[in-house]
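Participant: Sequence first, then the predicted structure, then my questions.
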2 protein chains.
Amino acid sequence: MSQLARKSMDAIFSDRIHDVPRSFIREILKASLDAEMISFAGGLPNRKFFPVDELREATERVFEIHGTSCLQYSNSEGLIELRRYISERYKQKQGINIDPDHILITNGSQQALDLIAKVMINDGDQVIIEEPGYLGAIQALSLYKPRYLPVKVSDHGMDIEALETCLKQNQPKLMYTVPNFQNPAGISYSNENRAELARVVNTKHLLVIEDDPYGDLRFRGERLTSFYEMIPEHTILLGSFSKTVVPGFRLGWVAAPDRIMEKLLIAKQASDLHTSNFTQYIIYEFLKSIELDHHIELITKAYGNQCRAMLEAIDEFFPKEVVCTRPDGGMFLWGKLPEGARSMNLFERAIDKKVIFVPGEPFYTVEKESSSFRLNFSCVEEELGREGIYRLAGAINEIL
Amino acid sequence: MSQLARKSMDAIFSDRIHDVPRSFIREILKASLDAEMISFAGGLPNRKFFPVDELREATERVFEIHGTSCLQYSNSEGLIELRRYISERYKQKQGINIDPDHILITNGSQQALDLIAKVMINDGDQVIIEEPGYLGAIQALSLYKPRYLPVKVSDHGMDIEALETCLKQNQPKLMYTVPNFQNPAGISYSNENRAELARVVNTKHLLVIEDDPYGDLRFRGERLTSFYEMIPEHTILLGSFSKTVVPGFRLGWVAAPDRIMEKLLIAKQASDLHTSNFTQYIIYEFLKSIELDHHIELITKAYGNQCRAMLEAIDEFFPKEVVCTRPDGGMFLWGKLPEGARSMNLFERAIDKKVIFVPGEPFYTVEKESSSFRLNFSCVEEELGREGIYRLAGAINEIL
């Protein structure tokens, strides 16, 4: 390092890259390498349900049918057949009409968040974010240096009163939401809550990011109404194949009104030209050949049983002062220790007892809340889940 | 569009997304759908050389060996085996030592450009760019609102005198270069030019992006010295499998010093978590099973012949006032009409004669130069290339 001393090197970076919250999850993943460890810390779909054989057959067909064209450069929008499939599925399952031209294929939902931030956020622009909120979204948006306006979510959705107060005092451009089986809290917005939120948003210059990676993973209750149905001109809807098929293909999408799509497409092209057409062809061949809903049923049945087993163990072993959410789907539930108890302390005790989870702090943007924690149930089979909760209860009793 | 009128909609976008140069190439691609058209406008590798069968076999082995793990979420850095292969190849081919931990797998080189810009560029930061320069880089960087400082490149590389003058008056953070078979001009920096550039850069707080997608596609002369070898602490080296294997996998990489890599990794994680591990496993299996250099020889032999056929036709048919570059590799050559003649006018005449190319203007950032044009030779077989140049000569004669 001849000319560039360490200190002056720092000056070369952009402001946006300083003080980005490093993913706590990365650190936790290391602890999870211990074979004795029961991990509620993951955020992964259960690989037991990856349709490996079907994807393998789909891949063979893609090589057969699409020869070289699946390997050449392609358009930035994504494979039209795949976008039509997504459009058709929205129509069939939710009665929403989305033109395939208003759908852009991305490298998972995560890239959609990056693209939205890129085309929308100037330094210091205000963004409403759920409190607690999804860590990946916080990471993606933070690089564009927004000012976060956190609004609390609880069992039935967003705190509408807090939202209205927030909107009286501020002019946010964007609101980030995960209305179905939220990450991290596992809660869903009720239909009443959605309607109220839509009414409030509809009077403002405000776009709602409706991030919906888990919507299909419902194991209880009825599907609820999408913001894209209620306030389409105010909604950017994100979807993903990561939780319903496989994450390793990195395939998600964003649906948005015309004028926003036009900008997103420019940003996509500048970011990486296009998403792999090879994996797009494969997933499309796969989707054509199977009944996706049957496949999803396998997943949700298992996740539902695993969630139930954990909640039963929670009722049995946790002290009553520890309050947990009761998800209707998804992959996570959320616990809250009594006032004053810190989940980071719990984490240290829990590691000794060979059980880990994600402490709640990284899911907060402005004021950190230190008593909550996230438990994943998608990767913990029933017996193990029960044992893990038993161990965690032991750690809780030690710190209370 | 109830609450959001068109005009006020515009206010919601970030400043960076306004006035991004739309890719002229997209428009040109439409014209190339005409089956009679001879196209020198493309920027694609020739699909004739895609190793479809070998990739298909590699894919079968990946499903066999890596079962579900090739389909699960993975780390942001990329597959360690693939990064080791890339590191080993740099050592063998160029004698450069790059630690695999200093290599990050990206969605093609294009994403590396986006990540570098994201971690380096604040609004208005100065960036030296080749004139003419690669359109994809201009698009990627422009979204972060740099101030471009163009420095001319010609047959032997960058204009060092202009570079020194530029550096006396400015404090750029970054310099963007394609030293081998540059896109668009087809020129290469000579070893002398590289040494001078390295000497100049080494006295400044300046990082050089050494974008090298074509380096392996040499059909004449000897490999030249990489900036990464000469001034490693000042160099961010980009590579890609798009031109040597296939582009549809979207696999490239960036190699950078430790402290920069640390930031790039944060940006990568925020941008899309990681590049598809499925395609990474496949390309690694493929690379293990074949001799990459034999495969590359097939490609370069054809590209060399096609380039030569076009240059012979140029010598035969073009008026002497039209000057063209003589590439030693890559996929492009560059022509210049006499002063006053506009390549956009030529483009319109050429379409009538059923031949297209890319006019030079989009490759300039500050002052547009309107007399130059880019010709692609990777996708035009010898006979067709000769015929295309004959047609283009006819159009040139009409406008001169």
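Facilitator: Arrived safely.

Participant: C-alpha from now on. contacts and neighbour counts both.
Facilitator: Will do.

Participant: pLDDT-wise, which helix or strand of chain A ranks last?
Facilitator: Lowest by mean pLDDT, DSSP states H and E among the helices and strands of chain A is helix A:6-10, with a mean of 50.

Participant: Just the pLDDT for the residue of the stretch 301-400 of chain A found nearest chain B.
Facilitator: Nearest to chain B, among the residues of the stretch 301-400 of chain A, is residue A:379, at 12.3 Å (CA to the nearest CA). pLDDT for residue A:379: 95.

Participant: Tell me if it really is in a helix.
Facilitator: No: going by DSSP: H, G, I helix; E, B strand; the rest coil, the assignment for residue A:379 is coil, not a helix.

Participant: Burial check on it, number of neighbours?
Facilitator: A total of 23 residues lie near residue A:379 under the criterion other CA atoms under 10 Å in any protein chain shown.

Participant: try residue A:222
Facilitator: Residue A:222, neighbours per other CA under 10 Å, totals 8.

Participant: who's in contact with it?
Facilitator: The contact partners of residue A:222, by CA atoms under 8 Å, 6 or more residues apart in numbering or on different chains, come to none.

Participant: On the pLDDT front, check it for me.
Facilitator: pLDDT at residue A:222 comes out at 96.

Participant: what about it, distance to residue A:188?
Facilitator: Applying CA to CA, to the nearest Å, the value for residue A:222 to residue A:188 is 11 Å.

Participant: which residues are in contact with stretch A:98-105?
Facilitator: A:76-80, A:83-84, A:86-87, A:90-91, A:251-258, A:261, A:265, A:275.

Participant: er, stretch A:60-69 I mean
Facilitator: Contacts for stretch A:60-69 (CA under 8 Å, 6+ apart): A:70, A:281, A:282, A:285, B:47, B:50, B:52, B:56.

Participant: still on that earlier bit, could you tell me which residues make contact with the residue of the stretch 301-400 of chain A closest to chain B?
Facilitator: A:40, A:42, A:44, A:45, A:46.

Participant: Same list, these, but as a markdown table with pLDDT please.
Facilitator: As requested, these are exported to a markdown table (pLDDT from 0 to 100):
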| residue | pLDDT |
| --- | --- |
| A:40 | 95 |
| A:42 | 86 |
| A:44 | 92 |
| A:45 | 96 |
| A:46 | 96 |
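
Participant: correct me, but residue A:243 touches residue A:214?
Facilitator: Yes: Residue A:243 lies in contact with residue A:214 (CA atoms under 8 Å); the separation is 6.8 Å.

Participant: circling back to that earlier point, ok, the contacts of stretch A:60-69 vs residue B:363, which is closest?
Facilitator: Relative to residue B:363, the closest of the contacts of stretch A:60-69 is residue B:47; by CA to CA it sits at 25.3 Å.

Participant: Verify the stated contact: the closest one with residue B:242.
Facilitator: No: applying CA under 8 Å, one finds residue B:47 not in contact with residue B:242, separated by 11.0 Å.

Participant: more crowded one of these two?
Facilitator: residue B:242 (22 against 19).

Participant: Distance from stretch A:149-162 to the middle of the chain?
Facilitator: Counting by CA atoms, centre = their mean, to the nearest Å, stretch A:149-162 is centred 18 Å from the centre of its parent chain.

Participant: Does residue A:151 belong to a helix, a strand or coil?
Facilitator: strand.

Participant: what's the pLDDT at it?
Facilitator: Residue A:151 is given a pLDDT of 98.

Participant: how near is residue A:73 to residue A:277?
Facilitator: For residue A:73 relative to residue A:277 (CA to CA), the value is 8 Å.

Participant: Which residues are in contact with each of the two?
Facilitator: Joint contacts of residue A:73 and residue A:277 (CA under 8 Å, 6+ apart) are residue B:248.

Participant: hang on, the earlier thing: write the PyMOL selection for whichever of the contacts of stretch A:98-105 are buried.
Facilitator: Paste this into PyMOL to select the buried members of the contacts of stretch A:98-105, with burial taken from 16 or more other CA atoms under 10 Å in any protein chain shown:
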select buried, chain A and resi 76+77+78+79+80+83+84+86+87+251+252+253+254+255+256+257+261+265+275
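
Participant: so which of the contacts of stretch A:98-105 are also by chain B?
Facilitator: Counting by CA under 8 Å from any CA of the partner chain, residue A:275 from the contacts of stretch A:98-105 sit close to chain B.

Participant: if we can go back for a sec, select only the buried ones of the contacts of residue A:379 in ChimeraX?
Facilitator: A single ChimeraX command is used to select the members of the contacts of residue A:379 judged buried by 16+ other CA under 10 Å:
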select /A:40,42,44,45,46
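
Participant: Which ones among the contacts of residue A:379 also lie next to chain B?
Facilitator: A:44, A:45.

Participant: okay if I get the contacts of residue A:379 as CSV plus distance to residue A:64 and secondary structure?
Facilitator: Formatted as CSV, the contacts of residue A:379 follow (distance: CA to CA, whole Å; DSSP: H, G, I helix; E, B strand; the rest coil):
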residue, distance to residue A:64, secondary structure
A:40, 42, coil
A:42, 37, coil
A:44, 32, coil
A:45, 30, coil
A:46, 30, coil
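
Participant: Relative to residue A:383, which of the contacts of residue A:379 is nearest.
Facilitator: For those, the nearest to residue A:383 is residue A:40 (13.3 Å; CA to CA).

Participant: check contacts around the closest one.
Facilitator: A:355, A:356, A:357, A:358, A:374, A:375, A:376, A:377, A:379, A:380.

Participant: Select from these the one having the most neighbours.
Facilitator: That'd be residue A:377 among these, by other CA under 10 Å, with 31 neighbours.

Participant: That one and residue A:305 touch, don't they?
Facilitator: No: using CA under 8 Å, residue A:377 makes no contact with residue A:305, being 9.3 Å away.

Participant: need the strands for the stretch 101-250 of chain A, in chain order.
Facilitator: A:103-106, A:126-131, A:147-154, A:157-158, A:174-177, A:207-211, A:235-240 (DSSP state E, counting those that start in this stretch).

Participant: between those strands, which one is nearest to residue A:318?
Facilitator: Nearest to residue A:318, of these and by CA to CA, is strand A:147-154 at 20.6 Å.

Participant: before we move on, back to that, please list the members of the contacts of stretch A:60-69 that lie in strands.
Facilitator: Assigned to strands by DSSP state E, none of those qualify.

Participant: As CSV, those residues with distance to residue B:301 and pLDDT would be great.
Facilitator: Below are the contacts of stretch A:60-69 laid out as CSV (distance: CA to CA, whole Å; pLDDT from 0 to 100):
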residue, distance to residue B:301, pLDDT
A:70, 24, 94
A:281, 31, 98
A:282, 32, 98
A:285, 36, 98
B:47, 15, 96
B:50, 15, 97
B:52, 19, 97
B:56, 24, 98
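
Participant: Return the closest of the residues you listed with respect to residue B:95.
Facilitator: residue B:50 (27.9 Å).

Participant: My read is that that closest one contacts residue B:245, right?
Facilitator: Yes: between residue B:50 and residue B:245 there is a contact at 6.4 Å, judged by CA under 8 Å.

Participant: For those two, indicate the residue with more neighbours.
Facilitator: residue B:245 (25 against 22).

Participant: got the buried residues for the longest helix along chain A?
Facilitator: When chain A is parsed with DSSP state H, its longest helix is helix A:292-317. For helix A:292-317, burial by neighbour count (16+ other CA under 10 Å) applies to A:296-297, A:299-311, A:313-314, A:317.

Participant: One more: stretch A:354-371?
Facilitator: Buried, per 16+ other CA under 10 Å, within stretch A:354-371: A:354-365, A:369-371.

Participant: Can you pick out the most distant pair from those?
Facilitator: The farthest-apart pair in the buried residues of stretch A:354-371, when distances are taken by CA to CA, is A:354 and A:365, at 29.2 Å.

Participant: For the contacts of stretch A:60-69, give me a markdown table that also has distance to residue A:390.
Facilitator: As requested, these are exported to a markdown table (distance: CA to CA, whole Å):
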| residue | distance to residue A:390 |
| --- | --- |
| A:70 | 50 |
| A:281 | 45 |
| A:282 | 42 |
| A:285 | 44 |
| B:47 | 58 |
| B:50 | 55 |
| B:52 | 53 |
| B:56 | 48 |
